[in-house]
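*Asks:* Quick one, fold the following:
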Amino acid sequence: MPRDDLRAVLDPSPPQLALMAATERLVARSGLEGASSRAIVREAGQRNNSAVTYHFGTRQRMLDALYHWRSKPINEHRRRMVDALLADGQDRDPEALVRAYVIPLVTAVEGLRPSAWARYTAAVLQHRPLVFMDWVRRDAKRYEGIDVPVVGTIDLLDLMRTVACDGVEPLAGLRVATVSRAVVAAVAAWEADDERGDPDLPPLEVLTEQLVRAATGMLTA
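*Replies:* From the prediction side, this is the model:
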């Protein structure tokens, strides 16, 4: 992606933010297939049917902008946690690695309540290879040297690969992808229950601890 096209990704305007938030909600409810440009414009309450093209150039560029907007604080949180565990020599501690994956996602969902981000992420993952990490790293090269937030998360997942299945590939990659997808799916389900006002919704801190335990067990089984 040329640098001139990155303005919408790195410094979105209020109309762009409105379109991205509308896209997030639509994809969370109906998947990527249910988020046409026309549907996004309606959801955002804009009158110009060409608003996505006007503000972003293409629908894909808007999806890129949305990912950067939402994932940047999550990935920064993960990087801080990874830096701390590296400093403490915990880079091969499965539970510490899993916490660095789970806690930033749950923290973001809590801060966004009512959140659609985990469901959005789950919907996007349906359109990625099962073992998605290497695909994502290759895709990030489109940004020509720009600091892409997802790279921090992929670096963390790569650390998890070193402790899964004794680091033996391709099993380690498959195990980590399975753990990652399970975490996202569980948080997405919690998010949907929260939106519906489910009276039996567990507190997020309880979900977090259960996810850490379960994901650590999956990683090291």
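*Asks:* what's the neighbour count on the closest residue to V106 other than its chain neighbours?
*Replies:* What sits nearest to V106 in space, not counting adjacent residues and going by CB to CB, 6 or more residues apart in numbering, is T208, at 5.0 Å. Yep, even glycine has a C-beta here, placed from its N, CA and C like the rest. Neighbours of T208 under the rule other CB atoms under 10 Å: 20.
*Asks:* which strands and helices sit next to the lengthiest helix in the chain?
*Replies:* Identified as the longest helix of the chain according to DSSP state H is helix 59-87. Contacting helix 59-87 under the criterion 3 or more CB pairs under 8 Å, 6 or more residues apart in numbering; DSSP states H and E are the following elements: helix 7-10, helix 14-30, helix 37-43, helix 51-56, helix 94-112, helix 117-125, helix 150-163.
*Asks:* switch the cut-off to 7 Å
*Replies:* helix 7-10, helix 14-30, helix 51-56, helix 94-112, helix 150-163 (3 or more CB pairs under 7 Å, 6 or more residues apart in numbering; DSSP states H and E).
*Asks:* Buried residues in the fourth one, which are they?
*Replies:* By that I understand helix 94-112. Buried residues in helix 94-112, counted by 16 or more other CB atoms under 10 Å: 94, 96-106, 108-109.
*Asks:* repeat for the third one
*Replies:* By neighbour count on 16+ other CB under 10 Å, the buried set for helix 51-56 is 51-52, 55-56.
*Asks:* residues contacting the residue nearest to V106?
*Replies:* Residues in contact with T208 (CB atoms under 7 Å, 6 or more residues apart in numbering) are 102-103, 106.
*Asks:* and it, what helix or strand is that in?
*Replies:* Secondary structure assignment for T208, by DSSP states H and E: helix 204-220.
*Asks:* Which parts of that helix count as buried, going by neighbours?
*Replies:* Buried residues in helix 204-220 (16+ other CB under 10 Å): 204, 207-208, 211-212, 214-216, 218-219.
*Asks:* just to revisit the earlier point, ok, so of the contacts of T208, who is nearest I154?
*Replies:* V102 (16.0 Å; CB to CB).
*Asks:* what about the closest one, distance to L32?
*Replies:* 25 Å (CB to CB, to the nearest Å).
*Asks:* separation between K72 and V150?
*Replies:* In terms of CB to CB, K72 sits 10 Å off from V150.
*Asks:* More neighbours: which of the two?
*Replies:* V150 (19 against 16).
*Asks:* my guess is the more buried one meets K141, correct?
*Replies:* No - contact criterion CB atoms under 7 Å: V150 and K141 do not qualify, at 11.6 Å.
*Asks:* Check whether E169 sits in a helix, strand or coil.
*Replies:* coil (DSSP: H, G, I helix; E, B strand; the rest coil).
*Asks:* Grab the nearest non-local neighbour of it.
*Replies:* Per CB to CB, 6+ apart, closest to E169 is R161, 7.5 Å.
*Asks:* Distance-wise, check the one you found relative to P94.
*Replies:* Taking CB to CB, one finds R161 at 11 Å from P94.
*Asks:* Okay, buried residues for the longest helix of the chain please.
*Replies:* Buried residues in helix 59-87, counting neighbours by 16+ other CB under 10 Å, are found at 59, 61-72, 74-75, 77-79, 81-82, 85.
*Asks:* Distance from it to the middle of the chain?
*Replies:* 8 Å (CA atoms, centre = their mean, to the nearest Å).
*Asks:* do the same with stretch 169-178
*Replies:* Using CA atoms, centre = their mean, the offset of stretch 169-178 from its chain centre is 18 Å.
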